[in-house]
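Enquirer: Prediction below, plus the sequence it came from.
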Amino acid sequence: MKSKFMAAWHAALFIVPILTLGLLLIPSAGLAAAKNNSGLEKADLSNPLAGLVTPADYIEYASINDVDIHELYFSVILWEGTESCLMCHADEGEQMLDSGHFKWKGDTLNIVGLEKSVHGKTDLLNNFCIAVDTNEGRCTQCHAGYGWKDKSFDFNNPANIDCLVCHDQSGTYAKAPTTAGLPAGTVDLNVVAQSVGISAKPTRKACIGCHAKAGGGDNVKHGDISTDLISTTREYDVHMGVDGANLVCADCHGANHDPKTGDYNHGIAGMSLHSIYEGEMKQCRDCHGSEMLIHKGSSIEPLFAEGFHGRLACQVCHIPAIARKISTKVEWYWSDAGQNISPVPIDPETGRPTYDKKKGTFVWKNNVRPTLRYSNGKWNRKVVGVSDTYDEEPIQMAYPEGSFSDPDAMIYP
């Protein structure tokens, strides 16, 4: 079955879009052809649950018998792609279509000069992989959707949403590299669909699976988001350590709620200030209280009482270094690309390659001490077609707005 699955998958990926260009469900054709890898073809009619027909039947049965609806439903019914989710969650599908995670753009309220504009990953330049347009099939393997391989992708089709990449609770879901977001051929999609909890937040692995490998590898780009966080200790991360607070990303970066109805709207609060805005994430004081309360009785209480530390963000003292275990990339020279260097040089301290023919030369570091800058929450960014010209060097791709004389600015790492 797996070989048939892979054949169907690749046929769907490379042939179906050509034959069906313009039809409503282009990437879903790939999912429909493959279905899953479990070998399920149809419901077992000898099953006592076979009398349940509609999703409403299953919901009623699950409620009466106090069983998980997704585990019940997808143990009998084949997961048919995103359409299986939309049968009950059509409203959520529409919400997701309008989210930053799906569109990769949104309101840039915190970017200077673009406060009333819509931009995002699709056109914000960076000094790592430059821009999404340069390699869509690779970049979009971390898109919460299926099949965004070029500009023909339909952002208005809810069947293109990948619900499982965020809502998997089994820990087995994965996307295949360079396939524009399609699931890996080894994933049993019915098992993943069964694992989805009604009120379960996305797991650490679900979030980190994409975010830790931004820039092409583990902890490459962010420096403070690595696969170590999936299962770590309080000593390494007091918030995510399994013997600490054992938080997941969504505990602070929670899904937004509609101000009128209170319903989730699939906007993720607290996205980077230098990107799009979808609401406020939890701040340190929301859980810990004011700085005076936190430091009461400590040796530095007098410093706060006298106003000396009032403009220091918590992170300045409490996150003194990043990349404490897995190294991060601190320099990248694209201009060195194209050389045939053999053997590939390896950094002796981090064990990571310092050259790639396609990408150039890298410098890796552990225990990186962040640069401290004043920031008032606003950012300056280079944007394709808007602010992508320059008249001086070096070019600053992104930098915070703020200064000592700015009363709204604090010192941040």
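Expert: Looks like it arrived, so ask away. Residues are numbered from 1 along each chain as shown.

Enquirer: mind checking the SS state of the residue lying closest to residue 69 once chain neighbours are set aside?
Expert: Closest residue in space to residue 69, ignoring its immediate chain neighbours: residue 62 at 4.1 Å, by Cβ to Cβ, 6 or more residues apart in numbering. Just so you know, the C-beta spots here come from the backbone N, C-alpha and C atoms, and that holds for glycine as well. Using DSSP: H, G, I helix; E, B strand; the rest coil, the structure places residue 62 in helix.

Enquirer: what's the burial count for residue 62?
Expert: By the criterion of other Cβ atoms under 10 Å, residue 62 has 18 neighbours.

Enquirer: I'd guessed it sits against residue 72; true?
Expert: Yes - using Cβ atoms under 8 Å, residue 62 is in contact with residue 72, at 5.2 Å.

Enquirer: where do the helices sit along the stretch 51-200 of the chain?
Expert: Counting by DSSP state H, counting those that start in this stretch, the stretch 51-200 of the chain has helices at residues 55-65, 69-76, 82-86, 90-97, 100-103, 136-139, 164-167, 189-195.

Enquirer: buried stuff in the longest one?
Expert: I take that to be helix 55-65. For helix 55-65, a neighbour-count test (16 or more other Cβ atoms under 10 Å) marks 58, 61-62 as buried.

Enquirer: next one: the second one
Expert: Counting neighbours by 16+ other Cβ under 10 Å, one finds that the buried residues in helix 69-76 are 69-70, 72-76.

Enquirer: Return the member of these nearest to residue 402.
Expert: Distances from residue 402 to those, taken as Cβ to Cβ, are shortest for residue 70 (46.3 Å).

Enquirer: With adjacent residues omitted, what lies nearest to that closest one?
Expert: With sequence-adjacent residues excluded and distances taken as Cβ to Cβ, 6+ apart, residue 70 is closest to residue 196, at 4.5 Å.

Enquirer: And that neighbour, what's its pLDDT?
Expert: If you check residue 196, the pLDDT there is 95.

Enquirer: count of neighbours near it?
Expert: Neighbours of residue 196 using other Cβ under 10 Å come to 21.

Enquirer: next one: residue 140
Expert: Per other Cβ under 10 Å, the neighbour tally for residue 140 reads 24.

Enquirer: quick one: contacts for it?
Expert: Residue 140 is in contact with 132, 148-149, 180-181, counting by Cβ atoms under 8 Å, 6 or more residues apart in numbering.

Enquirer: same thing but 7 Å
Expert: By Cβ atoms under 7 Å, 6 or more residues apart in numbering, the contact list for residue 140 reads 148, 180-181.

Enquirer: Tell me the one of those residues nearest residue 358?
Expert: For the contacts of residue 140, the nearest to residue 358 is residue 180 (19.0 Å; Cβ to Cβ).

Enquirer: excluding its backbone neighbours, what's nearest the closest one?
Expert: Nearest one to residue 180, counting by Cβ to Cβ, 6+ apart, is residue 149 at 3.8 Å.

Enquirer: and if you look at residue 280?
Expert: In space, residue 280 is closest to residue 269, 5.7 Å off (Cβ to Cβ, 6+ apart).

Enquirer: Just confirm that neighbour contacts residue 283, I think it does.
Expert: No - Residue 269 lies out of contact with residue 283 (Cβ atoms under 7 Å); the separation is 10.8 Å.

Enquirer: Looking only at neighbour counts, state which of those two leads.
Expert: Remark: of residue 269 and residue 283, residue 269 carries more neighbours, 17 against 12, as counted by other Cβ under 10 Å.

Enquirer: coming back round to it: reformat the helices of the stretch 51-200 of the chain as CSV; add distance to residue 404.
Expert: Below are the helices of the stretch 51-200 of the chain laid out as CSV (distance: least, Cβ to Cβ, whole Å):
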stretch, distance to residue 404
helix 55-65, 59
helix 69-76, 54
helix 82-86, 51
helix 90-97, 42
helix 100-103, 33
helix 136-139, 38
helix 164-167, 41
helix 189-195, 51
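
Enquirer: Quick one, which of those gets closest to residue 374.
Expert: Closest among those, using Cβ to Cβ: helix 100-103, at 26.7 Å.

Enquirer: Who are the packing partners of that closest one?
Expert: Counting contacts by 3 or more Cβ pairs under 7 Å, 6 or more residues apart in numbering; DSSP states H and E, helix 100-103 is packed against strand 264-268.

Enquirer: Could I get the average pLDDT for the strand it packs on?
Expert: 83.

Enquirer: Please apply the same query to stretch 298-308.
Expert: On average, stretch 298-308 scores 85.

Enquirer: Which residues belonging to that stretch are considered buried?
Expert: With burial defined by 16+ other Cβ under 10 Å, the residues of stretch 298-308 counted as buried are residue 304.

Enquirer: Extract the CA atoms of it and return them as PDB.
Expert: Extracted C-alpha coordinates of stretch 298-308, given in PDB (Å, rounded to 0.1, in the frame of the first residue of the first chain):
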ATOM      1  CA  SER A 298      15.700  40.300  46.700                       C
ATOM      2  CA  SER A 299      19.100  42.000  46.500                       C
ATOM      3  CA  ILE A 300      17.900  44.000  43.500                       C
ATOM      4  CA  GLU A 301      14.700  45.300  45.000                       C
ATOM      5  CA  PRO A 302      16.300  48.600  45.900                       C
ATOM      6  CA  LEU A 303      17.300  49.100  42.200                       C
ATOM      7  CA  PHE A 304      13.700  48.900  41.100                       C
ATOM      8  CA  ALA A 305      12.500  51.000  44.000                       C
ATOM      9  CA  GLU A 306      14.900  53.800  43.000                       C
ATOM     10  CA  GLY A 307      13.900  53.500  39.300                       C
ATOM     11  CA  PHE A 308      17.300  52.300  38.000                       C
END
